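> Below is the sequence, then the predicted model.
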Amino acid sequence: MSTIETTLKSDKQKKANQYIEKIYNATEQRNPHESEFLQAVKEIVDSLAPVLAHHPQYMDSGILERLLEPEKSISFRVPWVDDQGKVQVNRGYRVQFNSALGPYKGGLRFHPSVNESIVKFLGFEQIFKNSLTGQPIGGGKGGSDFDPKDKSDMEVMRFCQSFMTELYKHIGPETDVPAGDVGVNAREIGYMFGQYKKMRGAFEAGVLTGKGLQYGGSLARTEATGYGLVYFVREMLEDKGFDFNGKTVIVSGSGNVSIYAMEKAAEYGAKVVACSDSDGCIYDENGIDLATIKELKETGDDRVSAYTDKHPNAQYLEDCSNIWSIPCDIALPCATQNEIDEETAKTLIDNGVKVVGEGANMPSTTEAVDLFLDSDILFAPAKAANAGGVAVSSLEMSQNSSKLMWTFEDVDEKLKEIMKNIYQNSIQAASDYGTPGNLVSGANIAGFIKVADAMNAQGII
Ligand code: GLU
């Protein structure tokens, strides 16, 4: 490159960097208390510096200014009556972040930690994740600070009905299609679907995904996020000439994502030795017996500590963060946001971890991600690695609109293909924009470009 070219290039880069700093500071000022949202924004905008330097048209048309502000955001009161006849009030949210690629799509989270910042970070990440799937879906997210964990079945039903009595006005198969997330599984989706149908006076199967198989659900949706994570990590390993066979794996969490990540990793010959819940973790050096976990978690509502009743040789460690002190080759954080901080990342690296694949949304703090990227481990970021769930949700929407039901094998094959494409597109974007091998920036860039081009094509709206 000539001196002039180098100067021009660095001028463009400088301009892009200044623009990013300005955009980020403005976002911080506008959303001062939303730490999780700001964390997600920072990661994305920092990754985009080389893209903006190459394509200044994205700055000219205010793509980032528009992307960072949800198209629409609602919060609403959710009153319901508990089993003692007492009135309870929770807060409901739906953030409709971006519809450049299709109807808003993203889950509903019911957990006491849910607030505006959490819903916005999840909705914001969903835009890029959904774009990466290659499916025609925009990004959104919602939820409530309601905790289904200590509630009776009838209380959960009354809550879901009240929640949907407001939400139904804002969603629809061509508008916004919610699904599950933490605390929202087939039971909650069923109660919400029933209420939507009643309020709308029509059976619109495509309004929610993650439905039961009797009324429009898709085979392999339950398994999709966990399986998809393992398919993604397998792609990453194969690229370097490795596989799961004989590797020691730990998977935090014990919900839907964790269970099916453990199942697929074990099927590929890995030894999964630990999983957790919010109270503690179990370590079974012979390999976790998944049937016991499924029995505890899927049929009952038990804690993982009960695992040792059936497997006395396994160890139960109080405090779920202890799971990260167990040495492993592959770590799959599948519990919740920011479960791996800098200290934990250090411990994992010191203990010889070779791969970290994120199944939960944003499970690693910014500092932890930086450490992973600076070390020589393979790091699969959530937006790419856990996109299998929403990808199969989109396949569920396709089945609903064509009134067909595909076989498990059909859906699973499509899921594998989607995860492979996400890996390839992300690794390609990383190398195209000067960060070879960095899947964080690769996924952010690949996800962004498609949305930005669609937004530009649709004018300033
Ligand atoms: N909650 C899941 C996610 O974080 C799935 C969303 C969906 O299926 O719409 O991607």
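Cool, got the structure.

> how about Ser305, what does it touch?
Residues in contact with Ser305 (C-beta atoms under 8 Å, 6 or more residues apart in numbering) are Asp279, Gly280, Ile282, Tyr316. Yep, even glycine has a C-beta here, placed from its N, CA and C like the rest.

> Now do it, the pLDDT please.
On pLDDT, Ser305 comes in at 94.

> Then the one 10 residues further on?
Gln315 carries a pLDDT value of 97.

> Can you say which of the contacts of Ser305 are buried?
Neighbour-count burial (16 or more other C-beta atoms under 10 Å) is assigned, among the contacts of Ser305, to Gly280, Ile282, Tyr316.

> Check the contacts of Ser305 and tell me the two furthest apart.
Asp279 and Ile282 (10.8 Å; C-beta to C-beta).

> which neighbours do the two share?
Contact criterion C-beta under 8 Å, 6+ apart; residues bridging Asp279 and Ile282 by contacting each: Val304, Ser305.

> What residues does this protein have near the ligand?
The chain comes close to the ligand at residues Lys105, Gly106, Gly107, Ala179, Asp181, Thr209, Asn361, Gly389, Val390, Ser393, as judged by C-beta under 6 Å from any ligand atom.

> Wait, a strand at the last one?
This means Ser393. No: read with DSSP: H, G, I helix; E, B strand; the rest coil, Ser393 is helix and lies in no strand.

> Next one: it from Ala380, what distance?
In this view, Ser393 and Ala380 are 20 Å apart by C-beta to C-beta, to the nearest Å.

> ditto for the fifth one
Here Asp181 is placed at a distance of 20 Å from Ala380 (C-beta to C-beta).

> and the closest residue to the ligand within the stretch 301-450 of the chain, what pLDDT?
Nearest to the ligand, among the residues of the stretch 301-450 of the chain, is Ser393, at 3.3 Å (C-beta to the nearest ligand atom). As summarised for this prediction, Ser393 has a pLDDT of 98.

> Please apply the same query to the one 5 residues further on.
The predicted local confidence for Ser398 comes out at a pLDDT of 98.

> host element of it?
helix 388-402 (DSSP states H and E).

> Looking at this structure, which helix is longest?
For the chain, the longest helix by residue count, based on DSSP state H, is helix 3-30.

> what's the spacing between Asn444 and Thr435?
From Asn444 to Thr435 the distance is 10 Å (C-beta to C-beta).

> more neighbours, those two?
Applying other C-beta atoms under 10 Å to Asn444 and Thr435 shows that Asn444 carries more neighbours, namely 28 against 17.

> Helix or strand for that one, just tell me which one.
Going by DSSP H and E, Asn444 is in helix 439-457.

> What residue in this structure comes nearest to the ligand?
In the chain, the residue that lies nearest the ligand is Gly107 (2.8 Å; C-beta to the nearest ligand atom).

> So that residue, which state does it fall into?
Following three-state DSSP, the label given to Gly107 is strand.

> Would you confirm that it contacts Val177?
No: look at Gly107 against Val177 with C-beta atoms under 8 Å: they stay out of range, at 10.1 Å.

> Tell me which residues touch the residue nearest the centre of the chain, please.
Geometric centre of the chain, nearest residue: Asn361, 4.0 Å, by C-alpha atoms, centre = their mean. Neighbouring residues of Asn361 by C-beta under 8 Å, 6+ apart: Phe121, Leu122, Glu125, Gln337, Ala382, Asn386.

> what number of residues lie near the first one?
In this case it means Phe121. When counting by other C-beta under 10 Å, one arrives at 23 neighbours for Phe121.

> One more: the fifth one?
When neighbours are defined as other C-beta under 10 Å, Ala382 has 23 of them.

> Give me the nearest residue to it, chain neighbours excluded.
Nearest non-adjacent residue to Ala382, counting by C-beta to C-beta, 6 or more residues apart in numbering: Glu358, 3.8 Å away.

> who's in contact with that neighbour?
Per C-beta under 8 Å, 6+ apart, neighbours of Glu358: Leu229, Leu332, Pro333, Ser364, Ala380, Pro381, Ala382, Ala385, Asn386.

> For burial, what's the neighbour tally of the fourth one?
Read it as Ser364. 26.

> Let me know whether it touches Gly357 as I believe.
No: the criterion here is C-beta under 8 Å, and Ser364 misses it with Gly357 at 10.9 Å.

> So what's the residue count around the nearest residue to Ala306 once chain neighbours are set aside?
Leaving aside its sequence neighbours, Ala306 sits nearest to Leu296 (C-beta to C-beta, 6+ apart; 5.6 Å). Neighbourhood size, Leu296 [other C-beta under 10 Å]: 20.

> Give me the helices and strands touching the strand or helix carrying Gly228, please.
Using DSSP H and E, Gly228 falls within helix 221-239. If you count contacts as 3 or more C-beta pairs under 8 Å, 6 or more residues apart in numbering; DSSP states H and E, helix 221-239 packs onto helix 256-267, strand 330-332, strand 355-357, strand 378-380, helix 382-385, helix 388-402, helix 408-432.

> try 10 Å this time
Applying 3 or more C-beta pairs under 10 Å, 6 or more residues apart in numbering; DSSP states H and E, we find helix 221-239 packed against strand 248-251, helix 256-267, strand 330-332, strand 355-357, strand 378-380, helix 382-385, helix 388-402, helix 408-432.
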